[in-house]
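K.L.:
my questions are about this predicted structure, shown below with the sequence.
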Amino acid sequence: MQWSAREICDLVDGKVIGDTEVKVSKPSRIEEGQPGTLSFLANMKYEEHIYSTKSSIVLVSNTFEPKTEINATLIKVTDVYLALSILMDKFEGQNKLQAEGFSSLAFVRDAAQIHDTVSIGAFTHIGESQIGEGTIIMSHVSISDRCQIGKNVRIYPGVKIYHDTIIGDNVIIHSNAVIGSDGFGFATNEDGTYKKMKQLGNVIIEDDVEIGANTTVDRASMGSTILRKGVKLDNLIQIGHNVEVGENTAMAAQAGIAGSTKLGKNCRVGGQTGFVGHLKIADGMQCQAQSGIGSNIKKENSILFGTPAIEYGNFVKSSVVFKHLPEMAKKLRELEKEVALLKKQNLTEQ
Amino acid sequence: MQWSAREICDLVDGKVIGDTEVKVSKPSRIEEGQPGTLSFLANMKYEEHIYSTKSSIVLVSNTFEPKTEINATLIKVTDVYLALSILMDKFEGQNKLQAEGFSSLAFVRDAAQIHDTVSIGAFTHIGESQIGEGTIIMSHVSISDRCQIGKNVRIYPGVKIYHDTIIGDNVIIHSNAVIGSDGFGFATNEDGTYKKMKQLGNVIIEDDVEIGANTTVDRASMGSTILRKGVKLDNLIQIGHNVEVGENTAMAAQAGIAGSTKLGKNCRVGGQTGFVGHLKIADGMQCQAQSGIGSNIKKENSILFGTPAIEYGNFVKSSVVFKHLPEMAKKLRELEKEVALLKKQNLTEQ
Amino acid sequence: MQWSAREICDLVDGKVIGDTEVKVSKPSRIEEGQPGTLSFLANMKYEEHIYSTKSSIVLVSNTFEPKTEINATLIKVTDVYLALSILMDKFEGQNKLQAEGFSSLAFVRDAAQIHDTVSIGAFTHIGESQIGEGTIIMSHVSISDRCQIGKNVRIYPGVKIYHDTIIGDNVIIHSNAVIGSDGFGFATNEDGTYKKMKQLGNVIIEDDVEIGANTTVDRASMGSTILRKGVKLDNLIQIGHNVEVGENTAMAAQAGIAGSTKLGKNCRVGGQTGFVGHLKIADGMQCQAQSGIGSNIKKENSILFGTPAIEYGNFVKSSVVFKHLPEMAKKLRELEKEVALLKKQNLTEQ
């Protein structure tokens, strides 16, 4: 299917600069653009490519002013990413995966309550659980007993969901993620061996959450580990037992949160960041990749970096000085000698 | 099922303060406590909640002295976590997962030797291996050839175990963990390409080990990668080839150990910590989260932090100074100028 | 099967020192060597063991000169690792896993194009995709629609491959790795919620790539995420959308690359290293474990360490000073006082 610049304009409420009748059928990156494709320019790092791209249409911001001539038709919009996300939905339409229906190779317990519209893939095992309207469970998934799964959820191949997990509507869980595994809890015996602390709580995942591939979310020891509405987790993330992640908080890959820590709303967590246990993190916190958060963050919208994490700007400034530490140490030793000499001279003079 | 404060006291060898007949049926966190539940107070950070909790019973330490009146019945014990772990086993009794028996949807090779009492889940594949009494293998597990698996082991859905792996008794392995994958070994050809070094060793997991979800334990190139008795690994951990982890060593999530490193007994490794290869780490080492251990640790019970890791207290002190590096650099520059001026003055005076 | 020292010499083009007729049947580590086994000495850290090993043969470098008598027969070679990798292939021959053939418990769509020689394991699901000659797909694998998989590929149990993935020849993918999961892309709505950006690109994996257990490679938002010929990825690695990893680049476990970053050829990335998004990294870069790369690296063969990463030697030098920061801060305060005193004295004198 093809869309003209004019039709795209209507979809994203934009303004055309150039040929309103040029047609595109799929997206492309601006540096790899071909005729018949639509590209975008959001990050000005890539600006150079707009002057040479072969894409037929480029989405740009209202504020974009070209420095020289551009061959492509431009469509100016208020928010490039939002406009792009609307168009990506259109482009996807042509290329959707078929749902499998209810595979005869799935094994679903008799007592399970599965809505008629649910799709279940081959080699998937579902225990005594409930699954809501329009949900798609792909192949090799295991859903244990006493789980509740909402409407329009998509669970990719290989996801394992332990007992008692509650999942809301419109949730997406990518392949081989594990939900509800035991939290890491042991009591230490006098001889140094451990006694396992049974993990009797569960995991609650609210509406509109997305969970990346191979991410793990541990069940609570008692009570619940909770991912609030709209949380987005990337791949290979660890969520410890009794953690709570606030609404619309997004975490990049390989980050981890130790037990009982509560993150606020609208936080943005850089990749490979770690939080120690039992913390409270205020709403709107942002931290750079590889940060290590070791204490409560009380101020909203804090921006942090480093291990232990401090205010972002301060970390960057200190890091600049860090590079010059050997010279600083040398200067300090020289100054010591000079000051000692000056003291001696002063004494001599007196 | 319900237990009275008096009955609980007998189970954990504690002392009741309050109503000995009040009854509870399940655990709850102290800040979310409800009548009919039992909570605990171990970390004094949560002390405030004991004065307002609605829990009927709270487990506390012998040394706990309330600052004001408490509604709940208290049970005083020597070790709160140990007492709690005993009670959690009781509470779990009511809520156990049914074992599946031997699923007709499993595929077990004829030459496999499976004890009569073993439970095997749907879509599980077992090669020419031995499995001991009372072991539960859940769904979607793959156990390759020539493996030996002990008694009372529990393997959660999706675990993949490569050939020649040896697993002791009472081991627990959580979903999607991978045991026995190839170590990362390549010889470099002159043109920069690699020749794969075949990984012909295996993995040995001794009794009472627990392994978290999505954790990976690589087989040895030759000989064995070994997890000693009582080792506890959290989720998403990497154990490289020929590594040995000593008895009762516990590692938090996302930590990693590169090839051939040997950790001693009773170590505690913080989350996201990394060890480079070919190290020897003495017994009882503890390190904070995100540490990077790059050299042998010879002193027992060392406490470490940072990358490269140094003694914990020193790292914390240096980190405090790190925040003030820009000011230090400025002061140093000022001092240089002042000393230069003083030197000039002294010269002039002479 | 057994090989004599003389036969081994011919295989690796080496020179025998000792008994040319002594025979070995398998490899062993030098510190655990037994009669009838072959060991190697490449890292001189292990030299002490060559004087006491019970191995019958030890591979050593041409440049190795014993300090005292050695019981084992030595075979001297130019490159110990290359020679060893050739012998490991021989030793493996006796111990190969049987291929399973085409399991009747696999589910392959009718429209799939599978070469006659392909082996497909139990509980594996293959969509409308193509699979080339001699490829082995083990159990519990999911390959979605429109994938192309080359010749002599080995895919271990539990790997999940999303639609449109292209995989070359001789590729190895270890258990529970996920290829082609959605990139982490969202547009932010005004109310702080997110709109998912559809990920319509794919993943391309060229010839001779090896991918570790539980590693995740995200599909591109548009265009392709690319692993070039000969790339080697260890376990638990994250490759973000639209990333490109250059030929023969090797990455150690738990490293991660954020979206759109391009790594050059022949790079070596230490474990737990992170790259932020949209970077260009020159060929031949090497970085130590836990580095954090936050800016473009333009110089080829750079050697880096730290977060933010700087030149390796400088980081090590600065780290040495870092340990002494508290003393430096103290000295600086003392110097300030002394200089202030000297200034006062000079004023008094004038």
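P.N.:
Cool, got the structure.
K.L.:
okay, CA-based contacts and neighbour counts for the rest of this
P.N.:
Fine.
K.L.:
what residue in the stretch 201-350 of chain A comes nearest to chain C?
P.N.:
Proximity of the stretch 201-350 of chain A to chain C (Cα to the nearest Cα) peaks at A:Leu325, 5.3 Å away.
K.L.:
quick check: the nearest residue to that residue once chain neighbours are set aside vs A:Val321, distance?
P.N.:
Nearest residue to A:Leu325 in three dimensions, chain neighbours excluded: C:Ser318, at 5.3 Å (Cα to Cα, 6 or more residues apart in numbering or on different chains). Using Cα to Cα, to the nearest Å, C:Ser318 is found at 10 Å from A:Val321.
K.L.:
one more: A:Arg109?
P.N.:
Counting by Cα to Cα, the gap between A:Arg109 and A:Val321 amounts to 63 Å.
K.L.:
what's the answer for A:Ala213, then?
P.N.:
Distance, A:Ala213 to A:Val321, by Cα to Cα: 39 Å.
K.L.:
looking at those two, which one has more neighbours?
P.N.:
In this view A:Ala213 and A:Val321 are compared by other Cα atoms under 10 Å in any protein chain shown, and A:Ala213 has more residues nearby, 35 against 20.
K.L.:
quick check: angle from the longest helix belonging to chain A to helix C:325-349?
P.N.:
What stands out as the longest helix in chain A, according to DSSP state H, is helix A:325-349. Put simply, helix A:325-349 runs at 30 degrees to helix C:325-349, going by axes from the mean of the first three to the mean of the last three Cα atoms, to 10 degrees.
K.L.:
so what does helix A:325-349 touch, helix or strand wise?
P.N.:
Packing partners of helix A:325-349 (3 or more Cα pairs under 8 Å, 6 or more residues apart in numbering or on different chains; DSSP states H and E): helix B:325-349, helix C:312-323, helix C:325-349.
K.L.:
give me the angle between the shortest one and helix B:312-322.
P.N.:
Meaning helix C:312-323. Angle of helix C:312-323 versus helix B:312-322, following the same axes, to 10 degrees, is 100 degrees.
K.L.:
point out the most buried one among the helices and strands packed on helix A:325-349.
P.N.:
helix C:312-323 (a mean of 18; mean count of other Cα atoms under 10 Å in any protein chain shown).
K.L.:
run through the residues of the stretch 1-150 of chain A sitting next to chain C.
P.N.:
Proximity of the stretch 1-150 of chain A to chain C, by Cα under 8 Å from any Cα of the partner chain, involves residues A:27-29, A:81-82, A:84-85, A:88-89, A:92, A:97, A:122-123, A:139-140.
K.L.:
which residues touch the residue of the stretch 201-350 of chain A closest to chain C?
P.N.:
By Cα atoms under 8 Å, 6 or more residues apart in numbering or on different chains, the contact set of A:Leu325 is C:Ser318, C:Val321, C:Phe322.
K.L.:
which ones are touching the residue of chain A found nearest chain C?
P.N.:
Residue nearest to chain C within chain A: A:Ser85 (4.7 Å; Cα to the nearest Cα). Applying Cα under 8 Å, 6+ apart, we find A:Ser85 in contact with C:Phe186, C:Ala187, C:Lys195, C:Lys196, C:Met197, C:Lys198.
K.L.:
which of the residues of the stretch 1-150 of chain A next to chain C count as buried?
P.N.:
The neighbour count (16 or more other Cα atoms under 10 Å in any protein chain shown) marks A:Pro27, A:Ser28, A:Arg29, A:Tyr81, A:Leu82, A:Leu84, A:Ser85, A:Met88, A:Ala122, A:Phe123, A:Ser139, A:His140 as buried among the residues of the stretch 1-150 of chain A next to chain C.
K.L.:
show me those residues that map onto helices.
P.N.:
Reading helices off those with DSSP H, I get A:Tyr81, A:Leu82, A:Leu84, A:Ser85, A:Met88.
K.L.:
which residues touch the third one?
P.N.:
Right, A:Leu84. Here A:Leu84 is in contact with A:Phe40, A:Leu59, C:Met197 (Cα under 8 Å, 6+ apart).
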